[in-house]
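Trainee: fold the following for me, if possible:
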Amino acid sequence: MKTLFTILIVSINLTAISQSYYLGLKGGVNWCDQSGNLFKNTEAIQRFSFGLDYGFKFKNNLKIGGNILFSKTGFKDPLIFTDELGNPIDRDPVYTEFRYDYLSIPIKVGYEYGNKGFIYGNIGIATSLLLSSKTSTPIFNENFEEVGRNEYDASDNVTPIEFGGIIEVGFGYTFFEKLGVYVEGNFHHGFTSVSTDDYFTGKTILNYRASANLGIRYKLNTHNSK
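Mentor: I've put the predicted structure just below:
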């Protein structure tokens, strides 16, 4: 709540000095995985994010903005089956899946060129508050065939706050002078591990994701515009 209150106060001040500002919605697909020193052969999973988009553009085309997003991330770890000699068995892969759901609050600075048609690039830092974490493991029959899944709630054991960096680029078009539609790609990488003393203690698990988003935004003012 303190972070949201700070954003509100800063936004009020930026509204007074910016050339224009906008409010909108965006959402898209996340391709998620992890890096670190515990899992070595994880694979990406597809999840999604959606939420609020806002920004303040100044006369020199610089901009400050951010999001308040419900963002899902995670990864899957393959289980390797071996014979009695330790040789891998050729069979369809089976996975343990780790999922993390966040309220993500990125703050970004960037450059935006154009009015009717526009392109932009941003970099920033994201604070993500954990909403839930689930681990899904396979259930096997006597022939080691997957017949179901077990799901465990790890929310109380995972680090409650994640900090990360974000970079993004996008382009769009403005209709009726105020309504903008845009396409965006971004990459987010965690700086802090989700591990704790109760969750893979002593190991490092850094979430990262690449996202493709669609968004709409509405320009609320045009101070000092030409």
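Trainee: is the most centrally placed residue in the chain bridged to anything, and to what?
Mentor: In the chain, the centroid-proximal residue (CA atoms, centre = their mean) is residue 71; its distance is 5.2 Å. For residue 71, the beta-bridge partners under DSSP bridges are residue 49, residue 102.
Trainee: tell me what the helix or strand hosting residue 132 is packed against?
Mentor: Taking DSSP states H and E as the criterion, residue 132 maps to strand 117-140. If you count contacts as 3 or more CB pairs under 8 Å, 6 or more residues apart in numbering; DSSP states H and E, strand 117-140 packs onto strand 62-79, strand 94-113, strand 146-153, strand 161-175, strand 179-190. Yep, even glycine has a C-beta here, placed from its N, CA and C like the rest.
Trainee: dump the ones you listed to JSON lines, plus mean pLDDT and distance to residue 48.
Mentor: Output for the helices and strands packed on strand 117-140, formatted as JSON lines (pLDDT from 0 to 100; distance: least, CB to CB, whole Å):
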{"stretch": "strand 62-79", "mean pLDDT": "94", "distance to residue 48": "6"}
{"stretch": "strand 94-113", "mean pLDDT": "96", "distance to residue 48": "10"}
{"stretch": "strand 146-153", "mean pLDDT": "92", "distance to residue 48": "19"}
{"stretch": "strand 161-175", "mean pLDDT": "97", "distance to residue 48": "16"}
{"stretch": "strand 179-190", "mean pLDDT": "97", "distance to residue 48": "14"}
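Trainee: can I get those strands in a markdown table including distance to residue 216?
Mentor: Listed next are the helices and strands packed on strand 117-140 as a markdown table, based on distance: least, CB to CB, whole Å:
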| stretch | distance to residue 216 |
| --- | --- |
| strand 62-79 | 14 |
| strand 94-113 | 16 |
| strand 146-153 | 35 |
| strand 161-175 | 9 |
| strand 179-190 | 5 |
